[in-house]
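**Q** Based on what follows, work out the 3D shape:
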Amino acid sequence: MAELVFFSGTMDSGKSTLALQVDHNHRARGRRGLLFTRDDRAGADTISSRLGLRRPAHEVTAGTDFEAVVSRAREDGPLDYLVCDEAQFYRPEQVEQLARVVDEAGVDVYAFGITSDFRTRLFPGSARLVELADRVQVLQVEALCWCGARATHNARTVDGTMVTDGEQVVVGDVSAGAGAVGYEVLCRRHHMRRETEATAGRRAPSTTTDVDVREAAARPC
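**A** Residues are numbered from 1 along each chain as shown. Predicted coordinates:
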């Protein structure tokens, strides 16, 4: 039976890399699929990985109707799967469309996205995926905070300083330059302290806590 699977993780956890790998594996077995994305860092109509991999994809907009797209695609032959990257940006109604594509058309849907935003609030698309998915899989590649601990939260930065106000969706990247909107993954402790790598480097350490964390992260289990 077809499934709706949501692969979730923070930034830098390899979501887009896995999305492209899933597509490759299915195509290698002769399955036909469609790729979708929204607001990819490389621009429209592309799924890109920070490892340098990329593939053309359909750009999702607020008006995209997945059921209609699948119906048209099936006029040219069987359709086996959809790979949907940056799914956190999809409207909840579009996630419901994806669920119906699975249930009514028998097409597998593999969705990839970030669960929560820079304010630690769930993206509406991700929340609906958690509610409807047959399976939710947390990616096993762990992103790391600047202190060496496991990163669990996404932070938005401007000139290296963490910000907590603004629109939920603002396209940026982890390599943003001075004055630009950027993103950084942090452990919960440093997200709550609003300490990014840049701002932590601007202060003299008052405790050994951060050093202890680095040493603990490097210590073998």
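
**Q** Mind pulling up the pLDDT for Ala198?
**A** As predicted, Ala198 sits at a pLDDT of 87.

**Q** how about it, secondary structure?
**A** helix (DSSP: H, G, I helix; E, B strand; the rest coil).

**Q** which ones are touching the residue nearest to it when sequence neighbours are not counted?
**A** Distances taken as CB to CB, 6 or more residues apart in numbering put Gly160 closest to Ala198, at 2.9 Å, once the chain neighbours are dropped. From N, CA and C alone the C-beta is placed, and that goes for glycine too. The contact partners of Gly160, by CB atoms under 8 Å, 6 or more residues apart in numbering, come to 178, 182, 196-199.

**Q** now Gly160: how far from Arg41?
**A** Here the criterion is CB to CB, to the nearest Å. By it, Gly160 lies 19 Å from Arg41.

**Q** Shouldn't Ala99 be within a helix?
**A** Yes - applying three-state DSSP, one finds Ala99 inside a helix.

**Q** Contact partners for the nearest residue to it once chain neighbours are set aside?
**A** The shortest distance from Ala99 to any non-neighbouring residue, by CB to CB, 6+ apart, is to Leu132 (4.8 Å). Residues near Leu132 by CB under 8 Å, 6+ apart: 4, 95-96, 99.

**Q** Tell me how this structure divides into domains.
**A** What automatic domain parsing lists as the domains of the chain is 4-138, 153-218.

**Q** okay, the ones you listed, which one's buried deepest?
**A** domain 4-138 (a mean of 18; mean count of other CB atoms under 10 Å).

**Q** give me the beta-bridge partners of Ser48?
**A** Note on Ser48: beta-bridge partners by DSSP bridges are Arg54.

**Q** Would you confirm that it contacts Ser16?
**A** Yes - at 6.3 Å, Ser48 and Ser16 qualify as touching, with contact defined as CB atoms under 8 Å.

**Q** where do the contact lists of the two overlap?
**A** Asp40.
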